[in-house]
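Student: Model the structure of this input:
(4 chains)
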There are 4 protein chains.
Amino acid sequence: MQLGLIGLGKMGGNMAERLRRAGHEVVGYDRAPGKRDVDSLPALVEALEAPRVIWVMVPAGDPTKATVKELGELLSPGDIVIDGGNSKYTDDQVHDVMLREKNIGYIDVGVSGGVWGLENGYALMVGGTKEDVATAQPIFDALKPPAPVDESGQELPGAGFVHAGPVGAGHFSKMVHNGIEYALMQAYGEGYELLAAVDLIEDVPGVIASWTQGTVIRSWLLDLLVRALQEDPALERITGYADDSGEGRWTVEQAIENAVPMPTIAASLFARFSSRQEDSPTMKAVAALRNQFGGHAVRAVQAQEAERPA
Amino acid sequence: MQLGLIGLGKMGGNMAERLRRAGHEVVGYDRAPGKRDVDSLPALVEALEAPRVIWVMVPAGDPTKATVKELGELLSPGDIVIDGGNSKYTDDQVHDVMLREKNIGYIDVGVSGGVWGLENGYALMVGGTKEDVATAQPIFDALKPPAPVDESGQELPGAGFVHAGPVGAGHFSKMVHNGIEYALMQAYGEGYELLAAVDLIEDVPGVIASWTQGTVIRSWLLDLLVRALQEDPALERITGYADDSGEGRWTVEQAIENAVPMPTIAASLFARFSSRQEDSPTMKAVAALRNQFGGHAVRAVQAQEAERPA
Amino acid sequence: MQLGLIGLGKMGGNMAERLRRAGHEVVGYDRAPGKRDVDSLPALVEALEAPRVIWVMVPAGDPTKATVKELGELLSPGDIVIDGGNSKYTDDQVHDVMLREKNIGYIDVGVSGGVWGLENGYALMVGGTKEDVATAQPIFDALKPPAPVDESGQELPGAGFVHAGPVGAGHFSKMVHNGIEYALMQAYGEGYELLAAVDLIEDVPGVIASWTQGTVIRSWLLDLLVRALQEDPALERITGYADDSGEGRWTVEQAIENAVPMPTIAASLFARFSSRQEDSPTMKAVAALRNQFGGHAVRAVQAQEAERPA
Amino acid sequence: MQLGLIGLGKMGGNMAERLRRAGHEVVGYDRAPGKRDVDSLPALVEALEAPRVIWVMVPAGDPTKATVKELGELLSPGDIVIDGGNSKYTDDQVHDVMLREKNIGYIDVGVSGGVWGLENGYALMVGGTKEDVATAQPIFDALKPPAPVDESGQELPGAGFVHAGPVGAGHFSKMVHNGIEYALMQAYGEGYELLAAVDLIEDVPGVIASWTQGTVIRSWLLDLLVRALQEDPALERITGYADDSGEGRWTVEQAIENAVPMPTIAASLFARFSSRQEDSPTMKAVAALRNQFGGHAVRAVQAQEAERPA
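Tutor: Now for the predicted structure:
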């Protein structure tokens, strides 16, 4: 089928390629010239036959909001807008109301797969009406991973695709996915650190590589950690600085909203915050308190060595 | 080669089967009659040709300690004892000293794989001298999983087996593996709970199944969670009660010993402790404090309803 | 000076009493007849001489919003509204904009002290313009605690009162205060639980009472815990069920918003969530996973005993 | 009464002074010349009349163990050794067995108070037999704080002193005290950091000072935080580096041993570990993983700026 695709960056560009390989016609638009097929949003709308399906794959937040709003002004009743970016699920609900007034459909899709998606396929978590989702299903079928390969010898129906609920459910599912991702990464990181901390373990990358077959903790992330350690066995070439891209924060916020205890995901998020601090104001306060009550040595900022302030 | 195997339970019995399928001769002993080939430890030692290799696969702690001690009295210089149970790595170091005095070798092996190991193979983390490990290598080769299948298209050398370091390194590695396992399970659990808490998600098992292909968080544990939800879609048939078997505790203890921050694994361990409490003394204290300063309602034990005690 | 006071409940009633003892004229209104001096908001406004100062002390959220909105319609330029409830600081900013358009002043006050405030005074954290705060200062002076008694022998200027910043800063400060409160209570609770868990400690209430003098951890909350244990030495009469009233959640949300690591306050909040669950969906998932990979016994819901499901 | 005191450092020296002010005769010994009354342990024993009471106030671990062992060889039946240092409670149990064989009594005392103890008194948590404790009671009475000053208007019997149980109970109580202390400090630190992170709060030290009267979270530690902020309002002169002295670790270890959930105290301990790391291996692993799956920028070690490694 025919699809308009807005945003031809790392994710969008690969998705266009995967869709074309599957025989779909993709008309691509990007703010930047180069790979784009048309020069403007109006030209994109012009180039598509009604009823149109347009996939928005631009950064979450203002870029996505502006794009959806402009599409609302350009599109016709019966058209469908799909937001495949990392939007907050509450944005979807606003977009849906806005477009629904004009009889334009709206679908939100959480997309996972990263740079590997072109070859492996993209896992898709979808929110929207049954009718809208049915219309876009050929696109989803081309993007999602091939027939499930189950490691434990049993078929896993629905692997790689779900219609999770009404508008918002797709991004909500993806948000939770990313929250879990934070904690999984942190867990492997903590285990790595303990192995690396003791002399007893003479082959840390070897231990982690050994876990990739036959163990309870084997996973794709573990495979990637093995790969990272092959490239840099003691992780000497990078610093322990980790950004966060929103979904982890939203996951914990939703946990709080719904009174769901979420200790490991929250701890992982906080560890990322800490990783970006030059110094910790909390620990400055702790150090100051220790000095006050016990005369414990503190580290003066300039000297960076233990001494007790006058 | 020939192997003596002590302990023919769920794990040991399957391991004997896998070794025999690979052409090894296994002489099995168990306290309980039935599947055993010999009736006593002395008979086991008698049945094996020197130099002997004997694999101990009995519960960690006293049973393993008693077995290793008795073997030390029965075996001859040049024999090797392998402890494949879930022993604490410090026990290995005691056993090694004890046996080494008699020129008996000692290897510790952390074994992962659970009930799936018979078919999939067992991941093995090994601690010991190069010589001892070389002697037992045919056994390890038969137990470990087959040639690595890498999901991301690159070979993973050493998958399923590692010689991690000297005696103790095998069980230490397995201990850290299990610590990570705790946090991975907790992370998936927290994500599951949040999905289940909101009306927006209409197909919770479907969302989780969708994650098994193409996502960043796909893993064997996730496959198992899908399977569990197929059997019991809302987990109505079990309670949230989770035992812990030692390795999680030891992992956090070692983290503390080595000043390694370990927030997610510790949180997962504490969540298991909480899951087994009928009521939380900590939260009783919190409730009592809230009542003291704010006159907040507390729940009396008997009435189980909100009221302020006189 | 003259003050209108809306809300004569546990907090508002005591505050009216403390203000009257200090010589101020309080005209009180409450939805419920009984202690109120006037029968309606219009009557309250009528009863006060312009420029009026009206203190709103009703539940946060809709009741406060409705009250402030109605006051906006009744009051005159130059009057001042004070919200002394537990409102979210973002509500203050909305209220301020709404009232400022009519030249009505707005002050937000975070009030701490609970049922003890009538005698001890109320700690006040204030947000607003310098001019508005100066106008209401006599009220604040009457409510706040008497001249500071410093335990460590040095004067603590500003104890019990602060003008923290512009509108919103008062409730923000109180929000953080309550977040800290959650973690302090949890910390004492955890220590209590460990003492109570071991046979070695024969006098748990005695140990806790001993901490109230001369130790680093002495505090008012500790005094209250001693009092609670005097009334119920093993906390047998209450259950470990703890509500949360909003500020703890908002504190963690603000931490996330500002990328501030907040492990202990978040953990305390999650512990309260857990305390209110009959069973933990997270731990159900963990138990289900343990059963899947290891054949570990799970607890069936009905039988409530360890068995492996078929 | 007469007391031998070994260790005349910051704590021991002040304690000797407080005991002498109360009329007791203290014979002090220290490894270092200067303030000591005798030149050796044998001379100390010689200088005291039997039955002797000797208080050991030297660093925990080897110095205390060596001192107690040597005293065991010098003292006579009926004498009593008191360990007032920060020993692990398990050391006490070893010492008790060793001395009891020679009919020498043993008491362990957890002492809190820091540099303020000379004036305010020392809180004492005591473990030992009734008889031994009775013998040493005059010493305890001189060291402990004066009659309780209760903030909430009610008498707190036993403030500042407890006989918590048999040998070990004193240090166990002190250990838990210190664990709680870690979490209290962390909680105040987290609150401080959030206040300091937002522009809305214009007077952070003022807000914290305001909490010292009339609030739920007022405490001695809070008073000290106010004092620290008076000296250094933005904590610019110290770094967020915090040592730990053992008790926090032991508290969490004991929590694990006894299956007590301890999220806030553990989080506080981990925060101290993190505060001392130049870089976090865990977060290196997280950053490496992010780069692997998403092509997310990482920070190369040398350049310290965002770029993707080749």
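Student: Please report phi then psi for A:Gly246.
Tutor: Main-chain dihedrals, A:Gly246, degrees, to the nearest 10: phi 110, psi -50.
Student: Tell me the confidence at it?
Tutor: The per-residue pLDDT reported for A:Gly246 equals 92.
Student: right, and A:Ala196 touches D:Pro281 too?
Tutor: Yes - if you go by C-beta atoms under 8 Å, A:Ala196 and D:Pro281 touch, sitting 5.5 Å apart. In this view, the C-beta of every residue, glycine as well, is placed from N, C-alpha and C.
Student: more neighbours, the two?
Tutor: D:Pro281 (22 against 19; other C-beta atoms under 10 Å in any protein chain shown).
Student: Count residues in the vicinity of the residue nearest to that one when sequence neighbours are not counted, would you?
Tutor: Nearest-residue entry for D:Pro281: A:Glu193, 4.0 Å, with adjacent residues in sequence omitted and distances by C-beta to C-beta, 6 or more residues apart in numbering or on different chains. A:Glu193: 24 surrounding residues under other C-beta under 10 Å.
Student: Same check on A:Glu73?
Tutor: Neighbours around A:Glu73, by other C-beta under 10 Å: 10.
Student: Identify the residues contacting it.
Tutor: For A:Glu73, the contact set (C-beta atoms under 8 Å, 6 or more residues apart in numbering or on different chains) is empty.
Student: Is it correct that it falls within a helix?
Tutor: Yes - using DSSP: H, G, I helix; E, B strand; the rest coil, the assignment for A:Glu73 is a helix.
Student: Just the pLDDT for it.
Tutor: 97.
Student: what's the spacing between the most centrally placed residue in chain A and C:Lys69?
Tutor: Nearest to the mean C-alpha position of chain A, counting by C-alpha atoms, centre = their mean, stands A:Asn178 at 5.6 Å. Going from A:Asn178 to C:Lys69 by C-beta to C-beta, to the nearest Å gives 39 Å.
Student: likewise A:Ala183?
Tutor: Applying C-beta to C-beta to A:Ala183 and C:Lys69 gives a distance of 43 Å.
Student: Between the two, which has more neighbouring residues?
Tutor: Just comparing A:Ala183 and C:Lys69: by other C-beta under 10 Å the higher neighbour count belongs to A:Ala183, 32 against 13.
Student: residue contacts, that one?
Tutor: A:Ala183 neighbours (C-beta under 8 Å, 6+ apart): A:Thr264, A:Ile265, A:Ala267, A:Ser268, B:Ala183, B:Leu184, B:Gln186, B:Ala187, B:Glu190, B:Thr264.
Student: With secondary structure and pLDDT added, can I get those in a markdown table?
Tutor: Output for these, formatted as a markdown table (DSSP: H, G, I helix; E, B strand; the rest coil; pLDDT from 0 to 100):
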| residue | secondary structure | pLDDT |
| --- | --- | --- |
| A:Thr264 | helix | 98 |
| A:Ile265 | helix | 98 |
| A:Ala267 | helix | 98 |
| A:Ser268 | helix | 98 |
| B:Ala183 | helix | 98 |
| B:Leu184 | helix | 98 |
| B:Gln186 | helix | 98 |
| B:Ala187 | helix | 98 |
| B:Glu190 | helix | 98 |
| B:Thr264 | helix | 98 |
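Student: I figured A:Ile212 was touching B:Pro157, is that so?
Tutor: For residue A:212 the amino acid is Thr, not Ile. No - using C-beta under 8 Å, A:Thr212 makes no contact with B:Pro157, being 10.0 Å away.
Student: Can you pick out the residue with more neighbours from these two?
Tutor: A:Thr212 (25 against 10).
Student: show me where pLDDT drops low in chain A?
Tutor: Low-confidence segments of chain A (pLDDT under 70): A:147-156, A:295-310.
Student: one more time with 50, if that's ok
Tutor: A:302-310 (pLDDT under 50).
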